[in-house]
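Asks: Sequence and predicted structure below; questions after.
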Amino acid sequence: MRSGRGKFAIVAVAIALTTGAAVAATGSSDEQALQPARPAADKKIEQKVNALLGKMTTKEKLQQVQLLSDGQVTDADAKAGVGGVFSLVDPVKINHLQHVAVEQSRLGIPILFAYDTIHGYRTIFPIPLGAASAFDPSVASDDHKFGARESAAVGIKQIYSPMVDVSHEPRWGRISEAGGEDPYLNSVYAAARVKAAQGRDYSQPDKVVTSVKHYAAYGAAEGGRDYNTTDMSERRLRDLYLPPFKAAIDAGADTAMCSFNSINGSPGCANHETETDILKKEWGFDGFIESDYTAVAELINHGIAGDGAGAAAAALNAGTDSEMVSTLIHDNGQQLVSDGSISMSRINDAVRRILRVKFRAGLFEHPYVDPAKADAAQLRPDAVAAARKASGRSMVLLKNEGKLPFSKSKSTAVIGPLGDDQHDMLGPWWGRGEDKDVVTVFQGLKKQNPNTTFTAGCTVKNTEPPANTPSDVCGDDSGFAAAVTASKAADQVVLALGETREQSGEAASRSELDLPGKQEELVAQIKAANPGKPIVVVLFNGRPLTLGSVVDDAPSILEAWFPGVQAGNAVADVVFGDVNPGGKLPVSFPRSVGQVPIYYNHENTGRPCDATSKYNSRYRDINSCDPQYVFGYGLSYSKFEITNLRLSSGRVSRNGSVRATVDVRNVSGPKGDEVVQLYIHDPVASLAQPVRRLRGFERVKLAAGQKKSVTFTLDKSDWSFSDNRGRQVNEPGQIDVYAGDSSKAELTKSFQVTG
């Protein structure tokens, strides 16, 4: 990142190397081949790792490779030297198992306890897709700084985060867990989360080691169906899906999680190219890779292994170092070594990587946690305040016909199934957040305006998938009459609509993207009964939605995502104008599910879309080439103007750099934020390039009339691209630069990259 302007070089020409590992004197050439190219950061740790490894039996090594869930692990496992445990959150139980492992196992190796702290542990922040809308990496930093502090306080020393899966698939429920459709934005956020959670030294008591996931291309599942097949070129893999992982590794992430999906026929946890060739060798990663939940056993279902032994061999030989839940490596390891299916050097390499992380985490020096202090670390005022700020900065104003902000002195009706809802505000992967922690929309607005009422209109029935269906939200219109009456009695109306938290996230793919149930009908009836009245639809969801008639019926639309524990206060801050919305969409909102996938950084065709003619790449039944709302779009209560794009030079060498500068001014309205966005396009290249590629952004706060210049620096990491063999290409030629407030930016200049 340069000058705090979101600049993040994600194309590695010279890899930034950080920590490393020395090979034991007895290590084989196979082991040496797996060692990263970067120099060892701490030779003392490597000496300790190698000394301990030399004392271990094969059985003890296989125990270290095993990762068990909270429901599996027993005292016997701890005594036998199990390597890791995940999802155990009781500090008393964690301490107990750690005492058994350290004091009763033969070698006293501590357990690494892990958890899915995705957007907060107890203090729940906005879902990652919402946080990405802030276009402000400090939102992600705060999220993971406090998430790490709260997790570590209970004895958890590893978090399965950040989730950085780029996705063009809003049908895929897990789009909620990462930063949307752009690799650059995801990369900036990935680095911010890793640095905040790990700090300079993750052995510190309030820090944890991160596990970047899901490696790799999990977000490109066919049809948006979770766990489904991914098929793509090497070029697309490297240019769209791998950059955020590279950014996380460069930022210091010391563990990674391989994915459920296959990539070109090779499952993520048995993919030698991604795990060993790219991650470990090319990128110099010397931490360990754990499988996702039962992903090693699922290699049998994938059809690349005939039995448990075959699955164990495939995973370990590809580069998977730790097996989650299933126990195939542990159970079959000795026999696989005996018959030559796996080498002892590969087992040694996996164990060495696991031990290295445990030493770096300080577990050998400080294995225990103080349960008496765990509760005091949760929901501290600084964390709650940061969550409220993050929620406000993450909201995106999609439409405003001059109705917002509302007045605190006028009567307000909160209507809708999510208007007084605590449960769903936490979103999917809510950590240890509890419903009672949440401020609802009604509570938040009423606190700022006592003359506020609530009428549900229709209700939410919370059930776990697969039972949860669209009809579980607002499936019954019997309460519409009461809602209409309440809306007529108020001066202004807030309609709180959207999905349940169970309708987004893992195992929550949807074939339709509209508002579930009869919510569109509720909006239509409220509008018809209140012509000209200030009405805002506030959306709570974990994916882009097709909003249908809501776009026409609602005078104002505010995308709030799932905002977390401070949902109601943050909504009130924005609706009443204490916070001027400045968020931008990190993902396109389609007009119809039939447009999916639709994303801004697509390649052109020989016949680009033209809505006015027939024989080109378009849909006949949609009179537009664009989605409903484009990537980078978002309104404000202020009017901003971005002008005067200029370049420091019209020519630059292939290894040089060029600065792009624009002016941004708050033309009218209150103090507010504008996100200045910089895109590039390579119009003539050896391979067709995306029509736009985000290469910089800065969120700027300006008072009315205030102007500021914003400068971005571009270099070969920005205009280079991958060829069909995965090699970096840096060609001479023209590069077009675009600047503005969305991916539709119109200001443009060009420069020439010379040979």
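Replies: Yes, it's here.
Asks: how about residue 615, what does it touch?
Replies: Going by C-beta atoms under 8 Å, 6 or more residues apart in numbering, residue 615 touches residue 607. For every residue, glycine as well, the C-beta is placed using N, CA and C.
Asks: Just the element for it, please.
Replies: For residue 615, there is no helix or strand it lies in under DSSP states H and E.
Asks: can you confirm residue 493 is in a strand?
Replies: Yes: judged by DSSP: H, G, I helix; E, B strand; the rest coil, residue 493 forms part of a strand.
Asks: ok, and for stretch 499-513, which residues are buried?
Replies: By neighbour count on 16 or more other C-beta atoms under 10 Å, the buried set for stretch 499-513 is 499, 500, 501, 502, 503, 504, 505, 506, 508, 509, 510, 513.
Asks: Now the second one: closest residue in space that isn't a chain neighbour?
Replies: Taking C-beta to C-beta, 6 or more residues apart in numbering, and ignoring the residues beside it in sequence, residue 500 has residue 424 as its nearest neighbour in space, at 5.1 Å.
Asks: The last one too?
Replies: With sequence-adjacent residues excluded and distances taken as C-beta to C-beta, 6+ apart, residue 513 is closest to residue 546, at 4.4 Å.
Asks: Can you get me a residue count around the one you found?
Replies: 21 (other C-beta atoms under 10 Å).
Asks: Just to check, it is in contact with residue 510?
Replies: No: judged on C-beta atoms under 8 Å, residue 546 makes no contact with residue 510 at a distance of 10.5 Å.
Asks: Would you map the strands across the stretch 1-150 of the chain?
Replies: 66-69, 84-86, 112-115 (DSSP state E, counting those that start in this stretch).
Asks: nearest to residue 277, of the ones you listed?
Replies: Closest approach to residue 277 among the strands of the stretch 1-150 of the chain is made by strand 66-69 (23.6 Å; C-beta to C-beta).
Asks: mind listing what that closest one pairs with, with the direction of each?
Replies: strand 84-86 (parallel), strand 323-324 (parallel) (DSSP bridges).
Asks: Other residues contacting the first one?
Replies: Contacts to strand 84-86, defined as C-beta under 8 Å, 6+ apart, come from residues 66-70, 73, 97, 111-116, 158, 160, 290, 322, 324, 354.
Asks: Give me the buried subset of those.
Replies: For these, a neighbour count by 16+ other C-beta under 10 Å gives the buried set as 66-68, 70, 73, 97, 111-116, 158, 160, 290, 322, 324, 354.
Asks: ok, which pair from the buried residues of stretch 499-513 is furthest apart?
Replies: Every pair of those checked by C-beta to C-beta; the farthest is 506 and 513, at 17.7 Å.
Asks: neighbours around the residue nearest to residue 92 when sequence neighbours are not counted, how many?
Replies: In this structure, residue 92 finds its nearest non-sequential neighbour in residue 371, 4.9 Å apart by C-beta to C-beta, 6+ apart. If you count neighbours by other C-beta under 10 Å, residue 371 ends up with 17.
Asks: was I right about residue 754 contacting residue 653?
Replies: Yes: counting by C-beta under 8 Å, residue 754 does reach residue 653; the two are 5.5 Å apart.
Asks: ok, back up a step: tell me the one among the buried residues of stretch 499-513 nearest to residue 239.
Replies: residue 509 (25.3 Å).
Asks: quick one, strands of the stretch 301-450 of the chain?
Replies: Using DSSP E, counting those that start in this stretch, strands in the stretch 301-450 of the chain cover 323-324, 396-400, 412-415.
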